[in-house]
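Okay, here's the prediction I keep looking at, along with the sequence it came from:
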Amino acid sequence: MSGYAVFLNYRYLNFCVKAEPVSLLSVNIVINDEERNIEDVASVDLPNTNHILLYPYENSFMFPICKGINQVHPEFKIERKRGNDAGLQTEGGSNEGEEDERQVIVCTMPEMNKDRHDAGLDFVDAAFHEAKGKIEFTHKSYSVKIADALKGEKAEEIDEATNELDDIHKQIMEMCEGYRNNKAKEIEEAYQYYLQEQEKKMKTEQETHTAHNQEAGHSMQIPKSSIFS
């Protein structure tokens, strides 16, 4: 039953709100008709919570890596750059003032707008109930197996085994609920941050527009002296 909880958390991590290296585990890179994992073809770096950087071991790996990531995470913004052009401070990068000529793949996490927020919460709920259904089914199956295996045994022994199974079931369900609540909270917090940033952007644009109109108004004023001269 615990395997369903682990897989649920894995699915949640793959719905990226923040940059998660584990989200690349399911990416297969095909090079010369051979499937490889990310760690076989590139080093991975996290400069911040919004970006994943990949440094291919060979320049010829650039396109296969981008293709593989896009197939699993089409929501990522994927860019091919050189080290200095990425504009992100990374571990193991060049010293300040030095040129970093390494090829780098920059994966930017998608913004948490309303559509992604709503889709994310729907996914979180659906994935939880899918895992819950499988856990409940497995719990009932084990209960039947325990009853069959302990036929003829004392009632106390049957109760002890059943209670132990129920405790495991309860712990796993609490784990799943924790994963669900944490992911929903992460999505909601990202959405609120998005709304705040949009509000700031709108306010800045309005202030710029107002200032522009005021400047235009001043430039159109005709001095009185020029009218009566």
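Structure received. Numbers count the residues shown, from 1 in each chain.

Verify the stated contact: residue 59 with residue 101.
No: contact between residue 59 and residue 101 fails when scored by Cβ atoms under 8 Å: they sit 10.7 Å apart. The way it works is simple: take the backbone N, C-alpha and C, and place the C-beta from them, glycine included.

Show the low-confidence segments of this structure, by residue range.
Confidence mapping of the chain against pLDDT under 70 gives the ranges 83-100, 209, 211-229.

Alpha carbons of the helix or strand that contains residue 5, in PDB - could you do that?
If you go by DSSP states H and E, residue 5 is part of helix 2-14. C-alpha atoms of helix 2-14 as PDB (Å, rounded to 0.1, in the frame of the first residue of the first chain):
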ATOM      1  CA  SER A   2       2.900   2.400   0.700                       C
ATOM      2  CA  GLY A   3       3.900   2.200  -2.900                       C
ATOM      3  CA  TYR A   4       0.700   4.000  -3.900                       C
ATOM      4  CA  ALA A   5       1.600   6.800  -1.500                       C
ATOM      5  CA  VAL A   6       5.100   7.100  -2.900                       C
ATOM      6  CA  PHE A   7       3.800   7.200  -6.500                       C
ATOM      7  CA  LEU A   8       1.200   9.800  -5.500                       C
ATOM      8  CA  ASN A   9       4.000  12.100  -4.200                       C
ATOM      9  CA  TYR A  10       6.000  11.400  -7.400                       C
ATOM     10  CA  ARG A  11       3.100  12.500  -9.500                       C
ATOM     11  CA  TYR A  12       2.700  15.700  -7.400                       C
ATOM     12  CA  LEU A  13       6.400  16.500  -7.800                       C
ATOM     13  CA  ASN A  14       6.000  16.200 -11.600                       C
END
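
which outside residues touch it?
By Cβ atoms under 8 Å, 6 or more residues apart in numbering, the list of residues contacting helix 2-14 from outside reads 20, 22-23, 26, 72-73, 124, 127-128, 131, 134-135, 138, 172, 175-176, 179-180, 182-183.

From the contact counts, what lies against the helix or strand just after it?
Toward the C-terminal end, the helix or strand that comes next after helix 2-14 (DSSP H and E) is strand 29-31. Using 3 or more Cβ pairs under 8 Å, 6 or more residues apart in numbering; DSSP states H and E as the contact criterion, the neighbours of strand 29-31 among helices and strands are strand 34-36, helix 38-41, helix 62-72.

Which strands and helices lie in contact with the longest one?
Applying 3+ Cβ pairs under 8 Å, 6+ apart, one finds that helix 62-72 makes contact with strand 29-31, helix 38-41, strand 51-56, strand 77-82, strand 103-108.
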